[in-house]
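Q: just coords:
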């Protein structure tokens, strides 16, 4: 026969006066609050919390004492204990791996493919879980993940949320990835129901959901112009330099620059010849002229023409196109390329035409300047004089809107059917998912076609939007309070179950499509706190890594 007040036990505790425990969705541990008779002997740090009422026995293994306090009430001194359920251990561990990376044309590296269920399995195995159930997680997408010593529980929660699921610790101690809103009905034994409520609670929804990716990456062929550093420190085209020889640069032969003055000038007291040797015919800057029509501004294939160079600065030093790195099997971007007409002395006195430059160079990304390790020019085929080379830089960049100065991003808008409320759209921003585009040019430097991963971006965006839209379904929240202990397990619909034993009676309270506890933060609040904790730990790890590197450098310097 069920007992009126029920009982609770925990290792090391002699007498429990009362106990209440709330089991909720998510990766944060639930907290059981126990009031016990003060005792001087040792209380175990962990073990199984057991609740029973003579008819039902509930056991929660691997719990851990969080803290204890001693207070005074009308009956004397009372010790209160806060005990975490076994999810306290999920705060530890690390997980690394990159999966479902795509190349610029949207194709996957088949060696690094993982479905959502496989990714969830990796997380759960890293947590030491067995007997888990991931079958409800949608499995027809390939979400990009790049884990670098991530907490496995955090990674699991993020993945579940993207897929419209929640992490659920069931009553049998097993973990389930449950589809949000999908699950069983609450039991309704008439003789045991103390309270029963069923209400309609339409969520406050926006008019739509807007998905945006990271800054779009465009691959572009840029015309380069020869520049140099002037005595005032400014970068100018070589024909605008104050120390340009009277006859221009056509008669100058690097590295001598005999026609350039070696007398210090200007308020910086700089020597023109030294500046010429360091920069002229070695520095080439992006010109705001289109490679296919020098009379027009740069055309960004897939975007349009830009007004000023600042819209694309800083540029990148690699292409959108990728290859598979044989060392680690990961997709890797090709480095930026320079090609054109130039003289390298490898074909006698002839220039190389439409050739790829293969010697060393670096890119000043902020200024859009290619800095060559040696002099790069061409020979005038008629006079034999040394001229600036005709060069093109092929690299990737992002683009800013000329009016708002916002970075161009992939966007996909979903509008809810039905009435409009005049709200803005809910924003879903995924910087790790980027639209990429690279063109194929013909011999006249005209764009023939553009290769893009847009189809894959649309597919991923639709999954993200569908998962977010689940939160705005009109649920039928239900909450039932029962006499005695009921073995009710959370699922995708049953969000919270609480059990209480003690002088106030032995009860069970459960809610469907809602959370009733006023002392436990809501699921959304818990997720926000979990993300903040994850961000803090990542920053702390980076700081500690920097400190270790600095200490190592100081130690090596002392050793020298």
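A: Done, it's in. This structure is a prediction, so every number in the text was calculated from the model and none was measured. Numbers count the residues shown, from 1 in each chain.
Q: quick check: which element contains residue 209?
A: Following DSSP states H and E, the helix or strand that holds residue 209 is strand 208-229.
Q: any idea how far that strand is from the chain center?
A: Centroid separation for strand 208-229 versus its chain: 20 Å, with CA atoms, centre = their mean, to the nearest Å.
Q: what's the answer for stretch 290-297, then?
A: In terms of CA atoms, centre = their mean, the centre of stretch 290-297 is set 37 Å apart from its chain centre.
Q: with stretch 429-443 instead?
A: The mean C-alpha position of stretch 429-443 is separated from the chain mean by 18 Å, CA atoms, centre = their mean.
Q: and it, which residues are buried?
A: The neighbour-count criterion (16 or more other CB atoms under 10 Å) identifies 430, 433, 434, 435, 436, 437, 438, 439, 441 as the buried residues of stretch 429-443. In short, each C-beta sits where N, CA and C put it, glycine included.
Q: residues making contact with stretch 59-66?
A: With CB atoms under 8 Å, 6 or more residues apart in numbering as the test, stretch 59-66 has contacts from 10, 21, 31-32, 43-51, 81-86, 88-89, 173.
Q: now do the same for residue 486: its pLDDT.
A: If you check residue 486, the pLDDT there is 96.
Q: that one touches residue 186, doesn't it?
A: No. In this structure, residue 486 is not within contact of residue 186 by CB atoms under 8 Å, at 9.2 Å.
Q: identify the contacts common to those two.
A: residue 510.
Q: and after the helix or strand harbouring residue 8, which helix or strand comes next?
A: Assigned by DSSP H and E, residue 8 belongs to strand 7-9. Moving toward the C-terminus from strand 7-9, the first helix or strand encountered (DSSP H and E) is strand 16-24.
Q: flag the shaky bits of the stretch 401-550 of the chain, pLDDT-wise.
A: Applying pLDDT under 70 to the stretch 401-550 of the chain flags the ranges 474, 533-550.
Q: show me where it has its helices.
A: Taking DSSP state H, counting those that start in this stretch as the criterion, the stretch 401-550 of the chain contains helices spanning 454-469, 523-559.
Q: neighbouring contacts of stretch 408-423?
A: 205-216, 303, 398-401, 425, 433-435, 454, 457-458, 461-462, 465, 469, 472.
Q: before we move on, what about stretch 282-295?
A: 221-229, 235, 296-299, 305-306, 308-309, 312, 315, 367-372, 374-376, 388-389, 391-393, 441, 444-447.
Q: and with 6 Å instead?
A: 221-227, 296-299, 309, 368-372, 375, 391, 445-446 (CB atoms under 6 Å, 6 or more residues apart in numbering).
Q: same check on stretch 231-245?
A: Residues from elsewhere that reach stretch 231-245 (CB under 6 Å, 6+ apart): 225-230, 249, 259-260, 265-266, 270, 272, 280.
Q: which two among those residues are spaced furthest apart?
A: For these, the farthest-apart pair by CB to CB is 225 and 265; their separation is 24.2 Å.
Q: looking at these two, which is more packed in?
A: residue 225 (18 against 14; other CB atoms under 10 Å).
Q: would you mind measuring from the closest residue to the more buried one other than its chain neighbours to residue 309?
A: Excluding its sequence neighbours, the residue lying closest to residue 225 (CB to CB, 6 or more residues apart in numbering) is residue 287, at 4.2 Å. From residue 287 over to residue 309 the distance is 8 Å, taken as CB to CB, to the nearest Å.
Q: now do residue 279
A: In terms of CB to CB, residue 279 sits 19 Å off from residue 309.
Q: dump the residue contacts of residue 478.
A: 186, 198, 512.
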